[in-house]
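What follows is a predicted protein model with its sequence.
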Amino acid sequence: MKLAAYLSQVNPLVKIYRCSFKSVAENPFVNSLCELGFAIEVGPIAQGILKAMLFQQTEELVHTVLDYLEKFNQGEISSNKETLILYDHLSVVDYPTKPDGTIFGMIHPELQDKDYQALNPGDPIFITFDDKTIIYDGASTVWPIFINEAAYYEKGIAMCLTQRQQINYIV
């Protein structure tokens, strides 16, 4: 958590997404190999594309992580009170489908490219192929992420919904 707070402090583009899985079967990703594992995801970017700017930003972030860990291990990290914004996983939302599984809608244009931004009850979430708006009917504000990501399309994931929370943390 200290590393997460530090990274979000030095780079405002860093967002901290926390998901708790009960088993490795639920979380088959590299970060599940150890209790304190984490992953760095860069994007969104289309599959099979390599963008120099994103590659360089990722490389810089990895170096920042390694530098932090070295300083931490040497006892050189001073304690400061910082605010950490976390996005806790709530649920996965699939595209609207008919009973036979056929998708009949897509992400609403007002939601597209709005990862980590508030989605309020009554806001548009999907638009059907016959131009009808489907609104978010949840009970409270959520912050969607991975909106319309190509990598998740075949998995039936239109987006993940998260809860935003602010934690005061000693870094």
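Structure received.

would you list every one of the helices in the chain?
Using DSSP state H, the helices of the chain run over 2-10, 52-73, 150-153.

want to throw those into TSV with distance to T97?
Quick note: C-beta positions are derived from backbone N, CA and C, even for glycine. Putting these into TSV (distance: least, CB to CB, whole Å) gives the following:
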stretch	distance to T97
helix 2-10	35
helix 52-73	32
helix 150-153	13
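
any idea which of those helices is most buried?
helix 2-10 (a mean of 18; mean count of other CB atoms under 10 Å).

And the average pLDDT for it is what?
Average pLDDT, helix 2-10: 87.

Now do it and helix 52-73, the angle between them.
Per axes from the mean of the first three to the mean of the last three CA atoms, to 10 degrees, the angle that helix 2-10 makes with helix 52-73 is 130 degrees.

surely I40 meets E59?
No - judged on CB atoms under 8 Å, I40 makes no contact with E59 at a distance of 10.6 Å.

picking that back up, let me know which of the helices of the chain is the nearest to Y17.
Nearest to Y17, of all the helices of the chain, is helix 2-10, at 9.9 Å by CB to CB.

packing partners for that closest one?
If you count contacts as 3 or more CB pairs under 8 Å, 6 or more residues apart in numbering; DSSP states H and E, helix 2-10 packs onto strand 16-18, helix 52-73, strand 81-93, strand 159-170.

All set, thanks.
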